[in-house]
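K.L.:
only geometry, no sequence info:
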Ligand SMILES: Nc1ncnc2c1ncn2[C@@H]1O[C@H](COP(=O)(O)OP(=O)(O)OP(=O)(O)O)[C@@H](O)[C@H]1O
């Protein structure tokens, strides 16, 4: 019997998911939801557990703990109920090397209930001029585009994209982002894994950073970077030691090394960061003025997703606001 619950706008519901390979726990209590028309980006270090999470959502693995539901249905227990509604671009595509692009699309169409027509698929993924070329002869980026075409031709309501733009040049990547955002705009719920932070910045409605099987940070891009605060930084002037630097109100000082030189970095966190950053700058400039120091490469900026990612990757969670 098929039981499909309508979960008030939730397409994907992952609760305290755990997944082990033998005695090794690759996913250690992950929770998130994705709504129709929303793109959720799962970022993380190599081996963090992203692919394992996606494969569990696709029904390839039974969770060792917690639960996953897609439209209220258990993808491992009832895969047939979800097959018409879900599709994926996996890391390793399973296409036949000796078929042409058009033959590959036709084969996938034969298996689908209500597929897009071949010309539409070719046009959407800009492979019309490669229709007669065998898959073996496609470039890495073109193969990923074909994979995406095969995924969207079934008109899925949920799309799992596991590193969909790997091997693409910047132009093809941008075109692919447009294809993906068109899917989201049409109401598809998308879970995307990527190592390109810009890809997540451009596409994600919400994102999470995974490390060693756990979601360490999650939220919208602006929530994630706001929680990490602003940075005031400059190259440490010659003959100034870190202990000579002033304390600034609401800011925490650390010393980084950039391009081989020591840098002073003040991190400003808490509510109303922009005002606090502004207030911290005045005493810093006064301090430099009194000593006739010029603060080279002085910058005051919001944290970037890369700052947050690197902190998570380096595991210095003690420094991460909210942890
Ligand atoms: N079939 C398997 N058997 C045993 N261990 C596995 C298996 N598949 C994955 N792992 C391990 O589980 C952990 C999570 O792997 P997973 O592929 O989910 O990570 P990932 O975040 O997708 O990594 P990447 O970004 O490198 O693709 C890794 O330590 C990996 O070595």
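P.N.:
Arrived safely, thanks for sending. Just so you know, these numbers come straight off a predicted model, no measurement behind them.

K.L.:
off-centre distance for stretch 107-117?
P.N.:
29 Å (C-alpha atoms, centre = their mean, to the nearest Å).

K.L.:
try stretch 146-156
P.N.:
Using C-alpha atoms, centre = their mean, the offset of stretch 146-156 from its chain centre is 20 Å.

K.L.:
could you do stretch 276-291 as well?
P.N.:
37 Å.

K.L.:
list the buried ones in it?
P.N.:
276, 277, 280, 281, 284, 287, 288 (16 or more other C-beta atoms under 10 Å). (C-beta placed from N, C-alpha, C; glycine too.)

K.L.:
what about the residue lying closest to the third one once chain neighbours are set aside, neighbour count?
P.N.:
Leaving aside its chain neighbours, residue 280 sits nearest to residue 248 (4.1 Å; criterion: C-beta to C-beta, 6 or more residues apart in numbering). Applying other C-beta atoms under 10 Å, we find 20 other residues in the vicinity of residue 248.

K.L.:
quick one: residue 248 and residue 285 touch, right?
P.N.:
No. Counting by C-beta atoms under 8 Å, residue 248 does not reach residue 285; the two are 10.5 Å apart.

K.L.:
what residues are shared contacts of these two?
P.N.:
By C-beta atoms under 8 Å, 6 or more residues apart in numbering, residue 248 and residue 285 have no common neighbours.

K.L.:
quick one: which two of the buried residues of stretch 276-291 are the most distant?
P.N.:
276 and 288 (19.2 Å; C-beta to C-beta).

K.L.:
quick check, nearest of the buried residues of stretch 276-291 to the ligand?
P.N.:
residue 277 (33.8 Å; C-beta to the nearest ligand atom).

K.L.:
thought the closest one was touching residue 300?
P.N.:
Yes. Counting by C-beta under 8 Å, residue 277 does reach residue 300; the two are 5.6 Å apart.

K.L.:
so what's residue 251 up against?
P.N.:
By C-beta under 8 Å, 6+ apart, the contact list for residue 251 reads 232, 266, 267, 268, 276, 277, 280.

K.L.:
thinking again about what came up before, any residues in contact with both of residue 277 and residue 300?
P.N.:
What both residue 277 and residue 300 touch, as defined by C-beta under 8 Å, 6+ apart, is the set 230, 232.

K.L.:
tell me the pLDDT at residue 3?
P.N.:
With respect to pLDDT, residue 3 has a value of 39.
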